[in-house]
Structures are given as structure tokens and as C-alpha cells.
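*Asks:* structure for this input, please:
(chains A and B)
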Amino acid sequence: MTQATQHSSRPGAGSSEPLLSVRDLRVTFQRQGEEEFHAVDGVSFDVRPGQTVGLVGESGCGKSVTSLAIMGLLPGRGNRVSGSAIFDGEDLLTLSPSAMRDRRGSEIAMIFQDPLSSLNPVISIGRQVTEVMERHQGLSRKQATPKAADLLERVGIPDPKARLLNYPHQLSGGMRQRALIAMALACNPRLLIADEPTTALDVTIQAQILALLKELVVDTGTALVMITHDLGVVAGLCDEVNVLYGGKVVERGGRHGLFRDPRHPYTVGLLNSIPRLDAARGDKLSPVPGSVADNLPWTAACAFAPRCSNAIDPCTAETPQWEGDQVVGFRCFNPMGGTR
Amino acid sequence: MLRFVVRRILQMCLVAFVLSMLIFVWLRSLPGGPVSAILGERQTPARRAALEAALGLDQPLHVQYLRFLERASQGKFGVSTKVLPGEDALQVFLDRLPATVELSLLALFLAIALGIPLGYMAARRHGSAVDTGAVIFSLVGVAVPVFFLAFLLKYFFAVEWNLLPVSGRQTTGLDATRVTGMFVLDGILTREWDASWDAFKHLILPAVALASIPFAVIFRITRASVLDVLDEDYVRTAEAKGLTARVVRGRHVLRNAMLPVVTTIGLQVGGLLAGAVLTESVFSYRGIGDALATAFREKDYAVLQVLILMGAVIFVLVNLLVDIAYALIDPRIRTR
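*Replies:* This is a model prediction of the structure:
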């Protein structure tokens, strides 16, 4: 990357070369005796230095699989990955497993959903932080320990020196997530992928963790891919949003544009299912009807058509094509609104 | 941690006490009894009554038990009638203990050294030919009765192919110095290498026979446990940190996967004591198992009582060590 100087100028969308450029990513799961399942079906998006990009959708839309594929963390057997994920000029999908190990934890780090199960129960917090630095920065455990204490302090853990000796079960949920974030930040990664980092936490803690992530992204210029089902999180954090449905990006836009003028009926459905403080008393929430189990195959239809209030004839006969570019666009025959 | 250990030791004392009571009552409810055993064919009602009075067997059971406790606390467990006539029963146990310890340690070592790596490999290659083969092998290990396996080993390796000694602990007539009573160790301590090697050769077949069941159990538990742990989120976290395969395997997978295995190993010690009765009998290996079999056959009640009681105490003691090891591995136990 030559745009290191731009790290400070957030959000910087469009103003610099992408740090990560995912193109036509496909992940197919194949179990013996079962039909192939396209978990990710041609996803493309860019992440620029210092930018926060959201991948949004309900369970099963392929957002977590996308992140695991980029990280090279999908289970070894029973899946097929194609497409490309260019990070800093190299395609992560074709790197050797050992080259990928060198980048994971140092250049690309990841934060997971459930902080308790994501921490090793029998190893102290300190050890779990220092082992990343020992691995990637060639530090000894002794050299890494004071740095680990600094990290814990930076993510807002009080009395960090004492906490280093603690085990995960001795920390609260929020503290555990902070510790996981500290581990992810240990080697100053250029790209951070956060997979539902607040889902398992109380609402008040959620807000704290989001504020912390935002602060860290601004301070360090780290690019952040935020995976969530919660549009509230997106509104507070993301510069750009990709809405995923059935393994495809169905709508993309800047945060403001997307919230003001959503085009895809699914995006509208997601927005309508958020409770609003300014709603009139007695107004009902309108969730998206049905479930992902109703999906049609993308090959000759819009997967969302059976659940869509706006569906017209072509929706169940043809695959909707992408209308737009790498910054803004949608995939729909009969979009809503249209003032954007 | 100290509090944990002290609490476990106190619990252990209680368990040993209850066990002593159960064993005492059980032995006295067996048909026959020491009076018949001693008098044999010469018994008459008058002689029975006289001997019962002399041995205190005419007293109520709880009085007998209290007397037993009192004498046991002084280290007196009665005198052997048949196994080592005239000898103190506790002495029989102490004489035979090193042999069985030596045999059990080698068997346990074999079971662990084979079971854990094989279990890990099978889990890593879940569903492969290696996995299936190892599972079938371990099933055979559990399914074949120990005494039958012992006979097979003896027949082929000792009799047919003449590779290893048929029975005993050391070649008779071999001049060896005794230190601990564990012959292999004694040879090493006194630098009598030939004696040590000879004793080791005698150990191999009984140890393999004895190891078969613990091996199979440790293998199965390791395999299942590793399979569970591989699916854990924290293993994915470790991979996401880019840690080397070795660190992920050792620090994150194996250490967690070992928790149920450690418990299993403790429980297997009970199985080893039971298996020793069969194996030692087949190989005429003079250990506790052999003494126990003889004591049963010959109705040597004092020896029977002390061997069963000590066996139970050893089992409880080993599981105390297991609990401590468990606490060392798992901070959730230690820091509670």
C-alpha cells in the first residue's frame, strides 16, 4: 500500500486504492449424498484503509462464511471456494496455508461473536494475548507481557496487570470481548474483521464495545469489516453497507444513502423491523415474513421473491442482475423508492 | 489450591472409612468363613464354638468391626493362613505391592503412550481409513477378555516363537540385588543391567495383556474429546491468530482435550487392579493380583481383607492425584 498517509483521513471512501478487494467470491458446501449448497454466491466488495464496511443480513445469508473464507478458516473438507480476495496485491484465496498463517493475526485479525467460547478456558488472558506477539513479532513471553498489559488498558480493561493472570471465566462478558479485541489488535493489523462482536452482550455493553471499535478504527486507521444482522450497529459504525441475501449482495450503498433511500425490498424489510423510539404508540413492527428456508435458487429467480411484498412476474423466472457499481447498487426487478 | 487439596484428602479419608466398613461386612457375609477354612474336615460344633470364641467371631458384627479398626490402626491386619502361612497379612501386601506397581505402571504407560496419540490422529483424520482402523482395533482391545488375550500372547510369543519368557518375574537362579522390589528399577539402581533387562522381558507380555482395555478406553475418550475440542470456537480463535499448527495442537487442542482423558486414566487404575488378578494368574507373576486369587481360592481371609482394602485405598489415592492433576490443568476447578 502506498496510501499509508491516508490512514488518518477517514472515511476516505473512493479516495484510495482498496486494501481488500473481494471479487465474485463463491463458497459451496458439498456433503456426501446431499445437494450442493451455495453459501456464498458471487460476493464482491471493497474495503479501503480506514474504512468501515458492513456486511448485513439475517442468519444464513453467507456473511460469516464470507469472512471465514477470506481468513482461510473454513473447515478443510466439504467446501469449495472460488473467486478472489486481493489483499495488498496478493490473492488470499490462493496463498499457501503457511503464508496465510503468517498473515492471520498480524495483518488481518478477527473478532468473534461469543467471547466466552472464543477464549480458551484453561489459558490465562495474558498468555492468550502474548502468544500472538510471540508468534508474529518474535518477542519472548517476557517482552510481550508489558505490551499485553498496555493493550488491555487500551481496550478499557481496568487493572490490566492483574487481569493478565485471570482466566476467561473470571471476567465479565464485556471484559472478555475487550480481551478478544486486544488479542486481535496485538500486532496492529491493517484489516480487522468483526463477526457479530456485540451479539452476545448486554445492550449497554454493546454500546461500549461499538464505541471502542469506532475509536480504535479512527485512531489506528485500521480497515474494519463489520458483520452484523443489526442495522443499528451499521448506522452507528459503518461507512459503507452491503446487504446480503441468500449468498449474494442485494444492495450496497453509503450509510446515509442506504438508510434514507433503500431500494431493495429486503433492505426496506430489515429497516422496518427495527423498533423506533419516535414511532406512534400501537404501531406494530413489520418483520420480513417467512424465513430463508423459503429461498428460491438464484439460478432462475430472485431468492428473496417468495418473501417479497414487491415481487412481480420476472422475480420468479429470471436472475436479477446488479444495477450499479462498486459503490452503490442493488439487485432487484422492482425496486422501491428511487430518489437517490 | 491448598484448600482444594485438603478438602479432597478429608473426603478421601471418609471414603476409605466407608469402604473399610463395606468390605468388612461383605467378607463376613461370604459362605464358609475363617473357622471352616481353618478347621476343614476336622470341624465339630464344639470345636467351631471354641475357635469362634477364641477369634472373637461370636461377638456382634459392630463389636468385631470396632476391634478390627482398633487393631488396623496399629497396623495389625491378622495373620495369613495359606498364602504365606504365619506371616503378617499386611506383610503379604507389602511384599507383593512392588511387582504389581511395576506391572501396572508399564501397562498404564503403554495404554497412554499408544492411546492418546492414536486417539488424536484418528480424530484429526475423522472418517478416514486410519480412523476406522484404529476404532476397530480398539474395539477388539475392549472385546477380547484379558485372560484370553494373555493366553494368546503367552502361546504365540513365549511358547511358539520363544521370543519372551513364559512366566514369572525374573529368570530363576539369576543373582540380583533387591532394593525397591521393582526388579527393573532395582537393576538400574544397582547397575545390574542384565537383571533389569531380564525382568523387563518378563514384564512385556503381562503388561501388554493388562494394557489392552485401558488403551482402548483412553483411545476412545481421546478421540471423542479431540473431536469435540476441534469444533470449539477457541480453536478457531487460535487459528485466526495465525499460531503455528504445533501451538494450536498442543496448547489449544490437546490441553483441553486431555481433561476427560485424565479422569478416565484415574478410573482405569481400578480396572488395572482387576485385570492384574487375571494377568498375573496366567503368567504366574507374583504380584497382588496373584496373591488375591490365591487368597480367594484358599480362603485366606486376613490376606483377602487387607488386599481388597488396600486396593480400594490405592484406587481412591490415585483418583485424588487425578483430581489434583485436573485442577492443575483446569483453572475453573482451581479458582472456584
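
*Asks:* could I get the full set of helices for chain A?
*Replies:* Along chain A, the segments classed as helices by DSSP state H run A:63-71, A:97-103, A:125-137, A:141-154, A:160-164, A:173-185, A:203-220, A:231-237, A:255-260, A:265-272.

*Asks:* so what touches the fourth one?
*Replies:* Spelled out, it's helix A:141-154. For helix A:141-154, the external contacting residues (Cβ atoms under 8 Å, 6 or more residues apart in numbering or on different chains) are A:125-127, A:129-130, A:133-134, A:137, A:139, A:160-161, A:163-164, A:178-179, A:182, A:185-186, A:216. The way it works is simple: take the backbone N, C-alpha and C, and place the C-beta from them, glycine included.

*Asks:* that older thread, ok, which of the helices of chain A comes nearest B:V92?
*Replies:* With distances scored as Cβ to Cβ, the stretch of those nearest to B:V92 is helix A:125-137 (50.1 Å).

*Asks:* report whether the closest one contacts chain B.
*Replies:* Yes: applying Cβ under 8 Å from any Cβ of the partner chain, one finds helix A:125-137 in contact with chain B at A:E131, A:V132, A:R135, A:H136.

*Asks:* ok, now which ones touch the last one?
*Replies:* It refers to A:H136. So A:H136 contacts A:D102, A:G105, A:S106, A:A186, A:C187, B:G242 (Cβ under 8 Å, 6+ apart).

*Asks:* of those residues, buried ones?
*Replies:* A:G105, A:S106, A:A186, A:C187, B:G242 (16 or more other Cβ atoms under 10 Å in any protein chain shown).

*Asks:* max pairwise distance over those: which two?
*Replies:* The widest separation within these (Cβ to Cβ) is 10.8 Å, between A:A186 and B:G242.

*Asks:* which residues do the two both contact?
*Replies:* A:G105, A:V132, A:H136.

*Asks:* any chance of these in JSON lines, plus pLDDT?
*Replies:* Shown next, in JSON lines, are the shared contacts of A:A186 and B:G242 (pLDDT from 0 to 100):
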{"residue": "A:G105", "pLDDT": "90"}
{"residue": "A:V132", "pLDDT": "93"}
{"residue": "A:H136", "pLDDT": "93"}
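
*Asks:* could you export these as a markdown table, including distance to B:D231?
*Replies:* Listed next are the shared contacts of A:A186 and B:G242 as a markdown table, based on distance: Cβ to Cβ, whole Å:
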| residue | distance to B:D231 |
| --- | --- |
| A:G105 | 21 |
| A:V132 | 22 |
| A:H136 | 26 |
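
*Asks:* what's the closest of those residues to chain B?
*Replies:* For the shared contacts of A:A186 and B:G242, the residue nearest chain B by Cβ to the nearest Cβ is A:G105; the value is 3.5 Å.

*Asks:* check contacts around that closest one.
*Replies:* A:V132, A:R135, A:H136, A:A186, A:C187, A:P189, B:A240, B:K241, B:G242, B:L243.

*Asks:* which of these sit farthest apart?
*Replies:* Largest pairwise distance in those, by Cβ to Cβ, is 14.8 Å, between A:P189 and B:L243.

*Asks:* related to what we said a few turns ago, of all the contacts of A:H136, which two lie farthest apart?
*Replies:* Maximum distance among the contacts of A:H136 (Cβ to Cβ): 14.8 Å, for A:D102 and A:A186.

*Asks:* how about the nearest residue to A:L171, chain neighbours excluded?
*Replies:* Spatially, and ignoring its direct neighbours in sequence, A:L171 is nearest to A:A179 (6.6 Å; Cβ to Cβ, 6 or more residues apart in numbering or on different chains).

*Asks:* er, A:E318 I mean
*Replies:* A:A300 (6.7 Å).

*Asks:* over to A:P297?
*Replies:* A:A303 (7.1 Å).

*Asks:* which pLDDT value does the model give the one you found?
*Replies:* On pLDDT, A:A303 comes in at 88.

*Asks:* do the same with B:V166
*Replies:* 78.

*Asks:* now it, nearest residue through space, not along the chain?
*Replies:* B:A158 (4.2 Å).

*Asks:* same check, this time on A:V292
*Replies:* Per Cβ to Cβ, 6+ apart, closest to A:V292 is A:G60, 4.6 Å.

*Asks:* my guess is the one you found meets A:D294, correct?
*Replies:* No: A:G60 is beyond contact range of A:D294, at 11.6 Å (criterion: Cβ atoms under 8 Å).

*Asks:* for the two, indicate the residue with more neighbours.
*Replies:* A:G60 (17 against 12; other Cβ atoms under 10 Å in any protein chain shown).

*Asks:* what's the neighbour count on the closest residue to A:R135 other than its chain neighbours?
*Replies:* Once flanking residues are discounted, A:R135 sits nearest to B:L243: 5.4 Å by Cβ to Cβ, 6+ apart. Neighbour count for B:L243, taken as other Cβ under 10 Å: 22.

*Asks:* three-state assignment of B:L243?
*Replies:* coil (DSSP: H, G, I helix; E, B strand; the rest coil).

*Asks:* what's near enough to touch it?
*Replies:* B:L243 touches A:R101, A:G105, A:E131, A:V132, A:R135, B:R251, B:H252, counting by Cβ under 8 Å, 6+ apart.

*Asks:* just B:K82 next, same as before
*Replies:* B:T294, B:A295, B:E298, B:K299, B:D300, B:V303.

*Asks:* for A:G78, see how far away it is.
*Replies:* 65 Å (Cβ to Cβ, to the nearest Å).

*Asks:* before we move on, what about A:Q208?
*Replies:* 38 Å.

*Asks:* who are the contact partners of A:A186?
*Replies:* A:G105, A:A109, A:V129, A:V132, A:M133, A:H136, A:K147, A:A148, A:L151.

*Asks:* now it, nearest residue through space, not along the chain?
*Replies:* A:V132 (4.3 Å).
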